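S.K.: sequence first, predicted model second:
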Amino acid sequence: MLTLVTGATGQVGRRFVPRLLQSAAPGDKVRVLVRDEARGERFAGLGAEVLIGDLRDVDVLGKATAGVDAVVNVAAAFRGVPDEEARAVNRDAAIELGRAAVVSGVRRFVQVSTGLVYGTGRGRPLVESDETVPGGHLWGAYPESKWEAERALGDMEGLADLRIGRLPFVYGDGDPHLDDVMQWPAMQRLHMGHHLDVAQGLRRLLYASGAHGVYNIADEAPVTTVDLFEVHDRPVPQEVYDRDAPDPWHSVMSTTRIRRELGYRPLVPSVWTAREAGLL
Ligand SMILES: NC(=O)c1ccc[n+]([C@@H]2O[C@H](COP(=O)([O-])OP(=O)(O)OC[C@H]3O[C@@H](n4cnc5c(N)ncnc54)[C@H](OP(=O)(O)O)[C@@H]3O)[C@@H](O)[C@H]2O)c1
């Protein structure tokens with residue numbers, strides 16, 4: 001089985017690809033698409049085939065999907081990029097990658113998405129069958145473009161075996177993301193997922209026979225910004241308490257589907273476990 005992974009140099013991809021390679025069955029191969037040759041060397045050293053190119057280049061997509069059995073589309077543009085780039089990468093390039101996969105006869109397509117596509121809360125954990133709610137305070141080019149990609153890939157003729165993983169706030173393994181969140185002033189509820197479990201969830205989506213459609217991937221213990229300061233032994237700024245959470249169920253996702261159907265069990269059930277285990 002040859003698997004193409006995009007976004008290998010990002011926070012998720014750089015931790016997911018080594019785990020994928022490590023757990024690969026004999027004969028299984030991984031191809032990564034990276035933009036920067038020098039940053040691709042690490043993956044070549046781990047045994048991956050490295051293709052250099054930009055996801056927005058349609059010619060690259062044909063080469064990237066040639067001979068491939070499965071695609072895991074991790075790549076996205078959302079960290080400080082203009083809206084046009086977010087749409088070009090998250091929506092347009094993801095759709096073109098889906099088309100290239102169909103043309104190349106790729107069997108399976110795993111699209112990495114975000115829990116932000118749900119938009120506002122529902123007064124309960126978000127489930128995969130929930131309608132998305134465009135126009136809420138969480139909607140901008142990033143979640144919108146991810147949702148448009150999900151929808152277009154779902155409607156794409158020939159892309160029969162589509163699995164979509166909606167990720168929570170991803171952290172751990174030295175990812176600076178946790179530090180970033182402490183810059184946010186709002187007292188906010190966050191559903192988290194350690195990189196170990198994101199990799200677990202994505203691998204289950206990649207390998208499980210009979211999986212189909214959307215799966216939430218997250219840990220067992222949504223937290224607040226207060227927990228995140230406390231987990232780092234940092235004083236909680238008063239402003240964190242002064243702000244009301246816009247929605248107490250904000251970002252909280254049910255993981256019942258992936259547990260029941262794919263056997264997912266978080267290895268790192270909470271940020272507190274990650275701290276105790278030295279996995280932050
Ligand atoms: N991190 C989270 O908390 C979180 C939460 C929910 C969902 N997600 C989803 O998880 C996935 C990975 O997120 P991340 O945190 O790893 O993001 P990231 O650190 O920003 O990494 C993005 C990756 O996409 C690549 N990329 C961007 N534009 C590209 C282009 N035009 N052509 C080729 N590659 C391109 C980047 O390559 P360069 O290194 O060359 O820039 C990088 O490898 C995304 O799909 C995101 O929506 C993440």
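M.R.: Structure received. Owing to the predicted nature of the structure, the values given are computational and were not obtained by experimental measurement.

S.K.: does the closest residue in space to residue 92 that isn't next to it in sequence lie in a helix or a strand, and which?
M.R.: Once flanking residues are discounted, residue 92 sits nearest to residue 56: 7.3 Å by Cβ to Cβ, 6 or more residues apart in numbering. For the C-beta atoms, the positions are set from N, CA and C on the backbone; glycine is no exception. Residue 56 is part of no helix or strand, with elements assigned from DSSP states H and E.

S.K.: what does the one 3 residues further on give?
M.R.: Taking DSSP H and E as the definition, one finds residue 59 inside helix 58-65.

S.K.: which neighbouring elements make contact with that helix?
M.R.: For helix 58-65, the packing partners by 3 or more Cβ pairs under 8 Å, 6 or more residues apart in numbering; DSSP states H and E come out as strand 2-6, strand 29-34, strand 49-52, helix 94-104.

S.K.: give the pairing partners of the first one; include direction for each.
M.R.: Strand 2-6 has the following strand partners under DSSP bridges: strand 29-34 (parallel), strand 70-73 (parallel).

S.K.: wait, residue 189 sits on residue 226?
M.R.: No. Shown here, residue 189 and residue 226 do not form a contact pair, counting by Cβ atoms under 8 Å, at 10.2 Å.

S.K.: more neighbours: those two, which one.
M.R.: Applying other Cβ atoms under 10 Å to residue 189 and residue 226 shows that residue 189 carries more neighbours, namely 19 against 14.

S.K.: contacting residues for the residue lying closest to the more buried one once chain neighbours are set aside?
M.R.: Leaving aside its chain neighbours, residue 189 sits nearest to residue 250 (5.0 Å; criterion: Cβ to Cβ, 6+ apart). Counting by Cβ atoms under 8 Å, 6 or more residues apart in numbering, residue 250 touches 121, 188-190.

S.K.: which of those are close to the ligand?
M.R.: Among the contacts of residue 250, no residue sits close to the ligand (Cβ under 6 Å from any ligand atom).

S.K.: and those residues, which is closest to the ligand?
M.R.: Comparing the contacts of residue 250 against the ligand with Cβ to the nearest ligand atom places residue 190 closest, at 9.7 Å.
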